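# Structure for the following, please:
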Amino acid sequence: METLWRVVLLLVVLDFTLAQNNPTYVKKGWTLTLDLRPPLADRITSILWKLNGFPMAELVETPAVSLDYYYRFEGRSTLDITTGRLEINSMTTTDSGRYTVEVNNKVHSTCYDVKVIEGVPKPMVVVKPLACGPESDQCKLTCVVENPEAEPVRYSWKGDDGDWTESGKDLIISKRNDSSVKNFTCRVQNPVSLRDSEPQENLLFEEKPEPQNNPLLEGNPAAPRLWVLVLGSVVRSLAILALLVAVVYVVWLNRETVSKLRCLCRSRKGEEDAASYVNDDYQNQL
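Sure thing, here's the model as predicted:
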């Protein structure tokens, strides 16, 4: 019997430790649902839910069913007499704590460590130092959230349309590594909500000169004009070549006429040479 009680006590301690390490987060104003873990196989004749050791909801069958809600939980709680499930509406931060339950006059292993937190507000990116500018080598960006009741929170950053990277609330940027990024955005999230800041302009951003594209590439505004010039030169060259071919072809077709003309020219030149010779000889005789 003593060994059995030790085992039960060990299970209770273990469950309490797991509950402390794995809290159940609830957003302020939402509904909290508490189930028996594991579900009870026997019929429930009595059940008592407690918060930090204080009774909050109780059901007793003696023999009529008596159902009572205590303190601030009256009017916003519902206890299922069949399953033992307890629902609490409009949760507030004062409802945070350790929830335990007794079923059929025995301590049940169910234990919830509940933390009621608020949703995170929209964060804001603050640039430090104030003198941060294009001449700076590096700057610090801080993701600011002004609501301690939203804890615990996690921070993530991204540049332009890149992927989110989880880090701390501060981000160090440098001209060497981040000058090509135009904007930075921070994200804050807790177990019940998530919000992004407005993009913050990168004061270290440097506009990179666009590479000169080949004007022959498609999409370049100068390409059509260049193609017109090239095409015009080709057309002119072809026209000149065609004219030369036509001249050669015409000469070839009239090659006999050209040959006769050449012979006639040679005959006339011979006659003129002969007449000149006779004239010179006659003058010499005189």
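
# Surely Arg72 is in a helix?
Yes. Under DSSP: H, G, I helix; E, B strand; the rest coil, Arg72 falls within a helix.

# number of nearby residues for it?
14 (other C-beta atoms under 10 Å). The C-beta positions use only the backbone N, C-alpha and C, and glycine is treated the same way.

# Now it. Nearest residue, chain neighbours left out?
Thr94 (7.6 Å; C-beta to C-beta, 6 or more residues apart in numbering).

# Which secondary structure state does that neighbour sit in?
Quick answer, by three-state DSSP: Thr94 is helix.

# need the longest strand for the protein.
strand 106-117 (DSSP state E).

# Could I get the buried residue list for that strand?
Neighbour-count burial for strand 106-117 flags His108, Ser109, Thr110, Cys111, Tyr112, Asp113, Val114, Lys115, Val116, Ile117 (criterion: 16 or more other C-beta atoms under 10 Å).

# now do stretch 25-44
Quick answer for stretch 25-44 (16+ other C-beta under 10 Å): Val26, Lys27, Lys28, Leu32, Leu34, Leu36, Leu40, Ile44.

# Where does the prediction get shaky in this protein?
1-21, 210-228, 230, 250-252, 255-286 (pLDDT under 70).

# any idea how it splits into domains?
Domains of the chain are assigned by automatic domain parsing as 2-117, 124-201.

# and the shortest one, how far apart are its ends?
Across domain 124-201, the terminal residues are separated by 12 Å (C-alpha to C-alpha, to the nearest Å).

# Counting neighbours, what do you get for the closest residue to Thr142 other than its chain neighbours?
Using C-beta to C-beta, 6+ apart and skipping residues adjacent in sequence, the residue nearest Thr142 is Val126, 4.6 Å away. Residues lying near Val126 (other C-beta under 10 Å) number 15.

# Any buried residues in the helix or strand hosting Val126, and which?
Secondary structure assignment for Val126, by DSSP states H and E: strand 124-128. If you call a residue buried by 16+ other C-beta under 10 Å, then strand 124-128 has these buried ones: Val125, Val127.

# Relative to the helix or strand just after it, what are the paired strands and their orientations?
Heading C-terminal from strand 124-128, the first helix or strand you meet, by DSSP H and E, is strand 138-144. Strand pairing for strand 138-144, using DSSP bridges, gives strand 124-128 (antiparallel), strand 170-174 (antiparallel).
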